[in-house]
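Trainee: Generate coordinates for the sequence data below:
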Amino acid sequence: MTLRWRGDAHERGFAALELVAGVALLVLPVALLVLSLPDWSARQSAARFAAREAARVVSLAGVCDPDRADSLVAAVADGAGLGSGELHLALDCGAGTPLPRGGTVTARVRVVMPAVAVPAVGSVPGWSWTAAHAERVDPYLSRP
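Mentor: Numbers count the residues shown, from 1 in each chain. Purely as a prediction, here's the structure:
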């Protein structure tokens, strides 16, 4: 004996529409989020590295040199595949001022994180993320 479902004729053909709606409303946003995660991680790592190296360069110089730190941050951005101006540096010292022995210099690097980054299509800017690093100035630093 074969059982057959006898529904209305109006209930036919909705499976294809439900599949398309399910993919568009559930799977596509999750896939876009998953595709954005590696870009967020790479940008955070680049900002951390740039902050660490900028603070290190300035502390070793003994004098606050924002130009040298900016060029280093630009080189990190270029090496990470980011455009020029995607990493923004802020130092907690005034340009040209000598750093106190045993003090600290803090570098903060801000990077714009894309809300959605679809490979080969583009990205939409979302929020900014800041990495900070404090480096201790050599307490035995000699000055000329």
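Trainee: all strands for the chain, in order.
Mentor: Secondary structure of the chain (DSSP state E): strands at 87-91, 104-118, 122-136.
Trainee: Could you export those strands as JSON lines, including distance to Leu33?
Mentor: The C-beta positions use only the backbone N, C-alpha and C, and glycine is treated the same way. JSON lines is the format used below for the strands of the chain (distance: least, C-beta to C-beta, whole Å):
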{"stretch": "strand 87-91", "distance to Leu33": "24"}
{"stretch": "strand 104-118", "distance to Leu33": "8"}
{"stretch": "strand 122-136", "distance to Leu33": "12"}
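Trainee: Any chance of JSON lines for these, columns mean neighbour count and distance to Glu18?
Mentor: Below are the strands of the chain laid out as JSON lines (neighbours: other C-beta atoms under 10 Å; distance: least, C-beta to C-beta, whole Å):
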{"stretch": "strand 87-91", "mean neighbour count": "19", "distance to Glu18": "45"}
{"stretch": "strand 104-118", "mean neighbour count": "19", "distance to Glu18": "25"}
{"stretch": "strand 122-136", "mean neighbour count": "14", "distance to Glu18": "29"}
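Trainee: got the angle between the longest helix belonging to the chain and strand 122-136?
Mentor: Using DSSP state H, we find that the single longest helix of the chain is helix 28-61. Between the axes of helix 28-61 and strand 122-136, defined by axes from the mean of the first three to the mean of the last three C-alpha atoms, to 10 degrees, the angle is 30 degrees.
Trainee: Tell me the helices and strands packed up against helix 28-61.
Mentor: helix 66-79, strand 87-91, strand 104-118, strand 122-136 (3 or more C-beta pairs under 8 Å, 6 or more residues apart in numbering; DSSP states H and E).
Trainee: Make a markdown table out of those and add distance to Arg56.
Mentor: Shown next, in a markdown table, are the helices and strands packed on helix 28-61 (distance: least, C-beta to C-beta, whole Å):
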| stretch | distance to Arg56 |
| --- | --- |
| helix 66-79 | 9 |
| strand 87-91 | 12 |
| strand 104-118 | 9 |
| strand 122-136 | 5 |
